[in-house]
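[1] Curious how this folds, go ahead:
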Amino acid sequence: MKLLDIGAVATAARLPVSTLRYYEEIGLIASAARHGLRRQYLPDVLLRLGLIAMGKSAGFSLSEIAAMFASEGRPALGRAELHARADALDRQIAELTALSDTIRHVADCPAENHMDCPTFRRLVRAGTLLPA
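    Numbers count the residues shown, from 1 in each chain. Below is the predicted model of the structure:
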């Protein structure tokens, strides 16, 4: 099996080489060999890096991500924890959508003063849970 040089992995994963070294230092990835001083990786490291990136995007810490890999390196994901994180992301999406709607309304509102606009006031109340 052909090994990938650390530079090729960094380019393919769109990560700095220093990040790959750090991930190896904390046990998230492992090099398979060295060519001179340069680390060499099995091609499946790219899939693992994709999983790490996805976990980070979902809000998991690197230590939480590390705990999601079984000792043989295969993902061992807790389904309840994943459902809870997906629920939290859904709430965040709803909050960000409400914020986007409010900002878009402010940008397009024909009212001379936004504070006099009933739609703006309704959006602010909905977005901040202020009493009606």
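
[2] Break this protein into its domains for me.
    For the chain, automatic domain parsing gives the domain ranges 4-77, 80-128.

[3] Quote the end-to-end distance of the longest one.
    With Cα to Cα, to the nearest Å as the measure, the ends of domain 4-77 fall 27 Å from one another.

[4] other SSEs contacting the worst-scoring helix or strand of the chain on mean pLDDT?
    Least confident helix or strand, the chain: helix 118-128 with a mean of 74, by mean pLDDT, DSSP states H and E. Secondary-structure packing of helix 118-128 (3 or more Cβ pairs under 8 Å, 6 or more residues apart in numbering; DSSP states H and E): helix 79-108. (Glycine included, C-beta is placed from N, CA and C.)

[5] quick check: angle from the helix it packs on to helix 118-128?
    Relative orientation of helix 79-108 versus helix 118-128 (axes from the mean of the first three to the mean of the last three Cα atoms, to 10 degrees): 160 degrees.

[6] Could you number the chain from 9 rather than 1 from now on?
    Sounds good: first residue 9 from here, last item helix 87-116.

[7] so how far is helix 87-116 off the chain centroid?
    Distance of helix 87-116 from its chain centroid, counting by Cα atoms, centre = their mean, to the nearest Å, is 14 Å.

[8] before we move on, the earlier item: got a markdown table for the domains of the chain, with mean neighbour count too?
    Converted to a markdown table, those look like this (neighbours: other Cβ atoms under 10 Å):
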| stretch | mean neighbour count |
| --- | --- |
| domain 12-85 | 15 |
| domain 88-136 | 12 |
